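Colleague: Any chance you could fold what I've pasted below:
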Amino acid sequence: MTKKLNILFLCTGNSCRSQMAEGWTNHLKGSVIHCRSAGIETHGLNPMAVKAMAEAGVDISHHKSQLVDDFIGEKWDFVVTVCGNAHETCPMFPGQAKIVHVGFDDPPTLAKGESTEEGAMTHYHKVLYEIRAFVESLPESLQK
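Modeller: Numbering: from 1, shown residues only. Alright, predicted model coming up:
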């Protein structure tokens with residue numbers, strides 16, 4: 001039996017992008033990848049991210065916003081930063097963890113100017129499908 005790859009997705013607040021990445025990875029690649037997500041800070045789970053993922057067929061409603069400090073002692077093969085702030089402030093991880101930056105736009109920021117929930121959700125859907133495309137390329141895209 002092959003050992004699963006350990007990936008930590010890291011974002012600023014662990015509320016949206018990193019949660020989507022964890023959800024997609026568990027949904028699409030759970031048989032070959034063990035993953036978690038965390039934030040430099042915790043902002044709570046974004047309800048619109050939960051809704052968008054549910055509409056895409058992935059339930060992340062049980063996820064919790066977690067602090068990166070809770071995962072420092074664990075062995076990770078890769079730490080994937082999904083926003084610039086997390087990449088710039090990423091802590092050191094013991095062992096052989098390779099830090100990889102794959103930035104995605106922030107759906108809440110993109111949705112700020114929208115006057116309707118439907119308009120706002122278009123931004124969440126756009127980013128969640130970009131994250132899905134990245135996850136579909138795993139693990140090969142990380143090992144280049």
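
Colleague: how about the helices in the protein?
Modeller: Using DSSP state H, the helices of the chain run over residues 17-29, 47-55, 84-89, 107-111, 117-136.

Colleague: weakest of the ones you listed by average pLDDT?
Modeller: When mean pLDDT is averaged over each of the helices of the chain, helix 84-89 scores lowest at a mean of 90.

Colleague: Buried residues of that helix, list them for me.
Modeller: 85-87 (16 or more other C-beta atoms under 10 Å). Backbone N, C-alpha and C define where each C-beta goes, glycine included.

Colleague: Can you lay out those as a markdown table showing distance to Ser115?
Modeller: Supplementary listing: the buried residues of helix 84-89 in a markdown table, determined by distance: C-beta to C-beta, whole Å:
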| residue | distance to Ser115 |
| --- | --- |
| Asn85 | 28 |
| Ala86 | 30 |
| His87 | 32 |
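
Colleague: Tell me the one among those nearest to Lys29.
Modeller: The shortest separation between Lys29 and any of these is 20.9 Å, and it belongs to Ala86 (by C-beta to C-beta).
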